[in-house]
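Novice: Make a model of this:
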Amino acid sequence: MCERFSALFEEFTEPTVAYEHVDTDAVIREVNEAFEETFGYGAETAVGTPIHDLVVPSDRLKEAERIDQRARAGESIDREVLRKTAAGERYFHLRNIPVSVEDGIDGYAVYSDIHERKRHEQALERKNERLSQFVSIVSHELRNPLNVASSRLTLAREDCDSDHLDYVDGAHDRIGSIIDDTLTLARQGKSVDETGVVNLPTVAWQCWNSVRTCDADLEVGAERLLRADPDRLRSVLANLFENAVEHGGRTAAVTVDTIDGDGGAGFYVADDGPGFPGDREDLFEPGTSTLDDGTGFGLTIVRDLAEAHSWEVTATESGAGGARVEITGVEVVE
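Specialist: Residues are numbered from 1 along each chain as shown. Below is the predicted model:
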């Protein structure tokens with residue numbers, strides 16, 4: 001290794017090895033100080049040893065061999081890997097830098113330590129799974145007695161005619177809405193892994209016909225193809241429609257249209273109702289509702305589903321003085 005590269009190599013703050021391909025192995029020719037400190041292997045131990053033998057766990061050898069094959073072909077590697085150190089296994093972000101100008105060196109492997117971040121992500125994932133299971137169990141246990149209560153209410157109406165029973169019926173509906181909204185929050189607020197091409201007007205009309213819209217009217221703007229999780233986009237629109245009708249009234253005029261602006265492409269849902277209150281900071285927080293019988297989860301669901309897509313959500317005023325919710329940062333398919 002030439003003097004200039006050697007100095008840069010030693011001063012580099014990320015754990016790095018210089019390697020040479022020998023037969024089927026990538027053999028370590030030099031390690032920097034950061035590698036020694038992070039992995040706990042001194043240069044006298046590492047140099048001359050195949051990378052696989054030194055840092056690859058036995059159950060990750062096949063994965064490492066595939067990485068090696070790509071590196072030999074001159075490809076750049078950029079991925080998360082699990083590697084063994086003197087103190088135990090840790091997660092790293094591996095990047096390789098192929099070179100062809102140095103004798104005895106075929107490339108550099110840079111290991112960025114991401115172990116704590118990875119552990120946090122895994123712990124959060126386990127927590128979310130347990131939460132989802134817990135919510136499902138609780139919702140099931142609540143729905144059974146709710147069904148019994150609803151059946152008893154039907155029988156009670158046969159025996160007497162009382163306004164009190166209407167209030168009981170309304171309470172049952174509210175409990176059912178809370179159960180449904182809680183399940184949606186627990187199950188769908190996770191990151192979106194797979195998306196498809198969705199026609200916004202088509203999905204908008206499907207959602208409009210699936211929710212209780214009373215005598216409200218829907219106007220849908222220009223056609224636009226978006227990349228999104230279809231089911232979660234439907235949930236976003238359905239919650240926005242229900243919110244518009246609940247707050248705007250039975251004859252509300254609701255509009256869905258596209259956005260093109262400095263904030264990025266997207267769409268909005270607007271109504272001609274009373275609009276949002278002056279303080280909009282808490283609108284998307286769980287339990288926030290301007291209605292006495294509202295669950296306060298509708299806009300929270302919208303926010304969580306949008307954030308799962310890495311979209312931005314903004315509450316503002318519509319042209320008619322009502323409420324307008326904008327979703328931006330959406331990928332448009334031309």
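
Novice: which stretches of this protein form helices?
Specialist: Under the criterion DSSP state H, the chain contains helices at 3-11, 33-39, 43-46, 51-55, 61-72, 115-159, 163-188, 200-208, 230-248, 298-308.

Novice: Just put the ones you listed in CSV and tack on mean neighbour count and distance to Pro274.
Specialist: For every residue, glycine as well, the C-beta is placed using N, CA and C. Below are the helices of the chain laid out as CSV (neighbours: other C-beta atoms under 10 Å; distance: least, C-beta to C-beta, whole Å):
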stretch, mean neighbour count, distance to Pro274
helix 3-11, 12, 63
helix 33-39, 19, 59
helix 43-46, 14, 70
helix 51-55, 19, 63
helix 61-72, 15, 58
helix 115-159, 12, 32
helix 163-188, 15, 21
helix 200-208, 19, 21
helix 230-248, 22, 7
helix 298-308, 22, 15
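
Novice: Mean pLDDT and distance to Gly104 added to those helices, as CSV?
Specialist: Listed next are these as CSV, based on pLDDT from 0 to 100; distance: least, C-beta to C-beta, whole Å:
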stretch, mean pLDDT, distance to Gly104
helix 3-11, 60, 12
helix 33-39, 94, 18
helix 43-46, 95, 15
helix 51-55, 95, 15
helix 61-72, 91, 16
helix 115-159, 82, 31
helix 163-188, 76, 54
helix 200-208, 93, 58
helix 230-248, 87, 53
helix 298-308, 86, 49
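
Novice: nearest to Val99, of the ones you listed?
Specialist: Nearest of the helices of the chain to Val99, taken as C-beta to C-beta: helix 3-11 at 9.0 Å.

Novice: From Ser139, how far out is Asp180?
Specialist: Distance of Asp180 to Ser139, computed by C-beta to C-beta, to the nearest Å: 8 Å.

Novice: repeat for Glu307
Specialist: 23 Å.

Novice: before we move on, the earlier item: among the helices of the chain, which comes closest to His93?
Specialist: Minimum separation from His93 across the helices of the chain (C-beta to C-beta) falls at helix 115-159, 9.4 Å.

Novice: what angle sits between that closest one and helix 163-188?
Specialist: Relative orientation of helix 115-159 and helix 163-188, computed by axes from the mean of the first three to the mean of the last three C-alpha atoms, to 10 degrees: 160 degrees.

Novice: Now do helix 115-159: which elements does it pack against?
Specialist: Packed against helix 115-159 by the contact rule (3 or more C-beta pairs under 8 Å, 6 or more residues apart in numbering; DSSP states H and E) you find strand 88-98, helix 163-188.

Novice: Quick one: distance of it to the chain centre.
Specialist: Distance, stretch centre to chain centre, for helix 115-159: 21 Å (C-alpha atoms, centre = their mean, to the nearest Å).

Novice: How about stretch 100-107?
Specialist: Its chain's C-alpha centre and that of stretch 100-107 lie 41 Å apart, by C-alpha atoms, centre = their mean.

Novice: Do me a favour and average the pLDDT over it.
Specialist: Summarised as a single mean, pLDDT over stretch 100-107 is 76.

Novice: Now the terminal residues of that stretch, how far apart.
Specialist: Using C-alpha to C-alpha, to the nearest Å, the end-to-end distance of stretch 100-107 comes out at 8 Å.

Novice: ok, residues contacting that stretch?
Specialist: Identification of contacts with stretch 100-107 by C-beta atoms under 8 Å, 6 or more residues apart in numbering yields 1-2, 5, 18-21, 26, 29-30, 71, 96-99.

Novice: now do stretch 56-66
Specialist: 51-52, 81-84, 89.

Novice: mind checking which of the helices and strands packed on helix 115-159 is nearest Phe12?
Specialist: Short answer: strand 88-98, nearest of these by C-beta to C-beta, at 10.9 Å.

Novice: Within the sheet, what are the partner strands of that closest one, with directions?
Specialist: Applying DSSP bridges, strand 88-98 is found paired with strand 78-85 (antiparallel), strand 107-113 (antiparallel).

Novice: out of these, deepest packed?
Specialist: Compared across these, strand 107-113 shows the largest average neighbour count, a mean of 20 (mean count of other C-beta atoms under 10 Å).

Novice: the inter-axis angle of it versus helix 61-72?
Specialist: 130 degrees.

Novice: residues contacting the nearest residue to Ala320 once chain neighbours are set aside?
Specialist: With sequence-adjacent residues excluded and distances taken as C-beta to C-beta, 6 or more residues apart in numbering, Ala320 is closest to Asp272, at 3.8 Å. Neighbouring residues of Asp272 by C-beta under 8 Å, 6+ apart: 248, 252-253, 318, 320-322.
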